[in-house]
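Trainee: sequence and predicted model, in that order:
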Amino acid sequence: MEHKREHLGRSMVGKTISHDKIIEKLGQGGMGEVYLAEDSLLDRKVALRILPEQVACVQSTPPVSSAPEPGRDAEGRRGAVTAGHPLAAEAGLKVLQQGGNAMDAAITMAGVLAVARPHMNGVGGDMFLLYYDAEEATVYGLNGSGRAGTAKTLADLRQEGHDHMPGSGPLSVSVPGAVGGWAAALERFGNISWAEALTPAVELARTGLPVSETLARDLAGEEQKLRREAEAARIFLPDDAPPEPGSVLPMPDLANTLERIRSGGPDEFYHGETGRRVVEFLQERGGLLRTEDLEGYEPEWVEPIRSIYHGVEVLAMPPNSQGIALLEELAILEHFDLEALGHNSADYLHTISEAIRIALNDRDENVADPDFMEVKVADLLDLDRLAELALSVDTSGGAPQAFAAEFNDNPNTVYLIAADQEGNVVSMIQSLFAPFGSGLVVPETGIVLQNRGSLFRFDESHPNVFAPGRRPYHTLAPVLALRDGKPWLALGTPGGDGQTQTHLQVLNNILLFGMTPPEAIDAPRLRRMPDGTLAIEDRVSQEVLEELRARGYTVDVRSGWTATFGGAQAVLIDEATGAKRSGADRRREGYTLAY
């Protein structure tokens with residue numbers, strides 16, 4: 001007998017439980033009963049939520065064959081979704097199955113993710129998306145990032161004693177753009193109503209969030225930051241401690257906020273009571289946002305930037321996103337026979353690391369609010385310039401000179417994909433930046449405020465220098481690839497500074513080495529750190545690791561499946577039939593479903 005079940009961190013829908021043994025009931029969740037179970041796929045105990053109508057068959061589960069791992073690998077001819085949490089993926093799939101389009105599913109998932117991953121994204125964060133419109137055969141980009149507040153100038157901040165933008169607190173908060181982005185996307189390309197799109201998020205917040213092992217671990221890891229702010233501690237450290245796996249985290253304040261936004265539309269956030277609370281709170285704390293900053297916010301539809309790589313047209317968001325770095329990496333690597341070098345050989349890893357180094361240097365020197373960049377995007381992507389840079393890379397060469405570099409890893413982002421039966425595709429990403437963003441939670445709203453303003457610089461010679469009303473440089477970078485003008489691959493990942501490095505390797509795995517999306521995502525990866533260290537997963541051979549060390553690299557070998565290397569999600573689409581094959585990364589709570 002089939003029934004629905006969810007691991008709190010690894011959900012299965014329409015699948016039988018695979019050799020799981022129910023150990024004990026942990027409690028009653030708002031969306032079902034919570035059990036502790038043995039999971040043979042993960043070889044550990046997991047918290048399990050059984051939907052109410054299925055509780056009776058918990059103890060009578062037949063065995064299941066060795067099918068592709070649910071949630072990590074899915075196939076369907078009509079629609080596919082991926083998301084940074086199982087509950088979001090389920091909500092998105094339901095929208096598609098009920099006749100909604102890709103944008104309907106995407107914005108629904110975005111709302112659920114704002115509840116399900118509260119330390120990584122939310123109504124107090126930002127978003128970007130790429131959208132392929134099948135009817136128009138056109139890709140659109142939407143920049144849903146916010147601008148700096150106008151309450152203070154750079155001179156004011158210096159006079160207050162600051163020599164750099166704080167990484168947290170009220171000065172790090174720029175205008176949250178997510179809600180405005182959701183509304184703009186749904187209004188232009190969606191079919192369902194705003195209220196319909198936000199209802200699953202409201203319901204999840206109202207019933208409470210089941211705490212997965214991943215969420216429990218993440219909250220425990222941020223306990224010190226949460227304790228700095230009474231409101232954050234009140235919500236996320238119930239009973240004065242991080243919640244345990246299998247418990248349910250109450251979120252009534254966020255539910256009320258989402259209800260107001262559902263009823264009042266985006267104006268409630270930017271012009272209404274909710275916006276007033278945000279501004280008053282930040283002004284009391286000496287922040288940058290004023291009422292007119294929220295009221296004047298508008299997301300921006302933009303032309304994606306693009307590059308041809310081995311016959312595939314790869315599209316990314318233009319600055320202030322770091323998407324340009326991926327296109328530079330690909331243009332440089334086009335000059336090398338990577339297949340001949342061999343997947344994850346020392347020559348291969350050295351060569352892609354050099355392309356990453358060159359592109360990220362360009363990014364760090366130039367990417368900012370496009371209205372204030374000194375170098376044009378077209379000049380950075382000039383193929384002759386990049387071909388000349390490629391000449392500096394020797395596939396059998398040694399490590400370049402390393403430089404000390406400050407590095408704050410902020411991989412706290414969620415990503416999602418929706419692909420429908422009409423051929424529409426959404427590649428979307430949203431984030432608070434650091435875990436719990438600025439660390440600030442607006443009292444009695446449940447809104448965690450992002451810290452994207454922390455990426456501004458104080459160096460007035462740099463294009464990313466802080467100024468009132470400017471957009472900061474952004475790490476968020478969704479990807480969409482076309483073949484013969486039709487969607488071929490939607491791809492994205494959390495991972496802060498490392499996003500384009502994950503994009504590059506997963507794309508190569510699929511395009512050059514013939515892997516399926518789940519194989520491409522599971523394959524071991526590297527991440528080049530700002531100081532030149534190569535963090536590499538321990539599934540790369542010892543022989544290759546030793547050769548890289550012999551070339552002068554500092555190699556930091558990481559065991560297990562860690563968030564350092566991102567949390568990739570991908571949907572591969574057959575251009576002729578529309579069939580979809582999707583994958584989601586076990587390094588995170590990503591999940592994929594298709595039908």
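Mentor: Yep, it's here. Numbering: from 1, shown residues only.
Trainee: how confident was the prediction at residue 406?
Mentor: Predicted confidence (pLDDT) for residue 406: 58.
Trainee: which helix is the longest one in the protein?
Mentor: Secondary structure of the chain per DSSP state H: the longest helix is helix 346-366.
Trainee: just give me the neighbour total for residue 365.
Mentor: Residues contacting residue 365 under the criterion other C-beta atoms under 10 Å number 14. Using the backbone N, CA and C atoms, a C-beta is placed for each residue, glycine as well.
Trainee: what residues are up against it?
Mentor: By C-beta atoms under 8 Å, 6 or more residues apart in numbering, residue 365 lies in contact with residue 462.
Trainee: what's the spacing between it and residue 401?
Mentor: Using C-beta to C-beta, to the nearest Å, residue 365 is found at 17 Å from residue 401.
Trainee: swap in residue 518?
Mentor: 38 Å.
Trainee: higher neighbour count, those two?
Mentor: Taking other C-beta under 10 Å, residue 518 and residue 401 do not tie; residue 518 has more neighbours (22 against 7).
Trainee: which element is that one on?
Mentor: helix 517-522 (DSSP states H and E).
Trainee: off-centre distance for that helix?
Mentor: 17 Å (C-alpha atoms, centre = their mean, to the nearest Å).
Trainee: what's the spacing between residue 254 and residue 123?
Mentor: For residue 254 relative to residue 123 (C-beta to C-beta), the value is 8 Å.
Trainee: what is in contact with these two at once?
Mentor: Jointly contacting residue 254 and residue 123 under the rule C-beta under 8 Å, 6+ apart are residue 447.
Trainee: re earlier: please point out which parts of the longest helix of the chain sit buried.
Mentor: Buried residues in helix 346-366, counted by 16 or more other C-beta atoms under 10 Å: 346-360, 362-364, 366.
Trainee: phi, psi of residue 487?
Mentor: Backbone geometry at residue 487, expressed as degrees, to the nearest 10, gives phi -60, psi 130.
Trainee: let me fix that, I meant to ask about residue 104.
Mentor: With angles defined as degrees, to the nearest 10, residue 104 sits at phi -60, psi -50.
Trainee: what is the burial count for it?
Mentor: 27.
Trainee: quick one: it and residue 432, what's the gap?
Mentor: Relative to residue 432, residue 104 is positioned 24 Å away (C-beta to C-beta).
Trainee: what of residue 561?
Mentor: Computed with C-beta to C-beta, the distance linking residue 561 and residue 432 is 23 Å.
Trainee: for residue 336, same thing?
Mentor: Distance, residue 336 to residue 432, using C-beta to C-beta: 37 Å.
Trainee: go on, residue 387?
Mentor: 39 Å.
Trainee: between these two, which one's more packed in?
Mentor: Per other C-beta under 10 Å, whichever of residue 387 and residue 432 has more neighbours is residue 432, with 30 against 13.
Trainee: quick check: pLDDT value at the more buried one.
Mentor: pLDDT, residue 432: 97.
Trainee: partner strands of the host helix or strand of it, with direction?
Mentor: If you go by DSSP H and E, residue 432 is part of strand 425-433. As defined by DSSP bridges, the strand partners of strand 425-433 come to strand 126-133 (antiparallel), strand 412-419 (antiparallel).
Trainee: thought residue 567 was touching residue 583?
Mentor: No - using C-beta atoms under 8 Å as the test, residue 567 is too far from residue 583 to be in contact (11.3 Å).
Trainee: who has more neighbours, those two?
Mentor: The neighbour comparison of residue 567 against residue 583 (other C-beta under 10 Å) goes to residue 583, with 30 against 25.
Trainee: which residue ranges form the helices in the stretch 301-450 of the chain?
Mentor: For the stretch 301-450 of the chain, the helices defined by DSSP state H, counting those that start in this stretch cover 323-333, 338-341, 346-366, 377-380, 383-390.
Trainee: right, and those - which one's nearest residue 108?
Mentor: helix 323-333 (24.6 Å; C-beta to C-beta).
Trainee: quick one, that closest one and helix 383-390 angle?
Mentor: In terms of direction (axes from the mean of the first three to the mean of the last three C-alpha atoms, to 10 degrees), helix 323-333 departs from helix 383-390 by 70 degrees.
Trainee: what is the orientation angle of helix 323-333 with helix 346-366?
Mentor: Relative orientation of helix 323-333 and helix 346-366, computed by the same axes, to 10 degrees: 140 degrees.
Trainee: residues in contact with helix 323-333?
Mentor: For helix 323-333, contacts defined as C-beta under 8 Å, 6+ apart pick out 305-307, 309, 314, 316-318, 351-352, 355-356, 358-360, 362-363, 367, 377, 380-381, 383, 386-387, 389-390, 393, 477-479, 500, 503-504, 507-508.
Trainee: tell me how far it lies from the chain's centre.
Mentor: When C-alpha coordinates are averaged (C-alpha atoms, centre = their mean), helix 323-333 and its chain have centres 19 Å apart.
Trainee: for that helix, what is the average pLDDT?
Mentor: Here helix 323-333 scores 98 as its mean pLDDT.
Trainee: avg pLDDT for stretch 504-514?
Mentor: pLDDT averaged over stretch 504-514 gives 98.
Trainee: one more: stretch 160-179?
Mentor: Stretch 160-179 carries an average pLDDT of 98.
Trainee: how about stretch 468-481?
Mentor: According to the model, stretch 468-481 has a mean pLDDT of 98.
Trainee: got the CA positions of it in CSV?
Mentor: The C-alpha coordinates for stretch 468-481 follow below in CSV (Å, rounded to 0.1, in the frame of the first residue of the first chain):
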residue,chain,number,x,y,z
PRO,A,468,22.4,56.1,-0.3
GLY,A,469,20.0,54.6,-2.8
ARG,A,470,22.6,52.2,-4.4
ARG,A,471,22.2,48.5,-4.8
PRO,A,472,25.1,46.5,-3.2
TYR,A,473,27.0,43.8,-5.1
HIS,A,474,25.1,40.5,-4.8
THR,A,475,26.2,36.9,-4.8
LEU,A,476,22.8,35.6,-5.9
ALA,A,477,23.1,34.1,-9.4
PRO,A,478,20.4,31.9,-11.0
VAL,A,479,21.3,30.1,-14.3
LEU,A,480,19.3,29.0,-17.3
ALA,A,481,20.8,27.4,-20.4
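Trainee: still on that earlier bit, how about the strands paired with strand 425-433, which one is nearest residue 544?
Mentor: Smallest distance to residue 544 across the strands paired with strand 425-433 (C-beta to C-beta): 28.8 Å, for strand 412-419.
Trainee: let me know the average pLDDT across that closest one.
Mentor: 94.
Trainee: so for it, what gets flagged as buried?
Mentor: Going by neighbour count (16+ other C-beta under 10 Å), the buried part of strand 412-419 is 412-419.
Trainee: how far does it sit from the chain's center?
Mentor: Chain-centre distance of strand 412-419: 5 Å, with C-alpha atoms, centre = their mean.
Trainee: same question for stretch 396-406.
Mentor: Distance, stretch centre to chain centre, for stretch 396-406: 28 Å (C-alpha atoms, centre = their mean).
Trainee: equivalent analysis for stretch 377-392, please.
Mentor: Computed by C-alpha atoms, centre = their mean, the chain-centroid distance of stretch 377-392 equals 28 Å.
Trainee: cool, and stretch 244-259?
Mentor: 21 Å.
Trainee: what comes up buried for it?
Mentor: With burial defined by 16+ other C-beta under 10 Å, the residues of stretch 244-259 counted as buried are 245-251, 253-259.
Trainee: now, the most widely separated pair of these?
Mentor: The largest separation in those, counting by C-beta to C-beta, is between 245 and 259 at 28.2 Å.
Trainee: so for residue 453, what's the nearest residue that isn't a sequence neighbour?
Mentor: Spatial nearest neighbour of residue 453, excluding adjacent residues (C-beta to C-beta, 6 or more residues apart in numbering): residue 174 at 4.2 Å.
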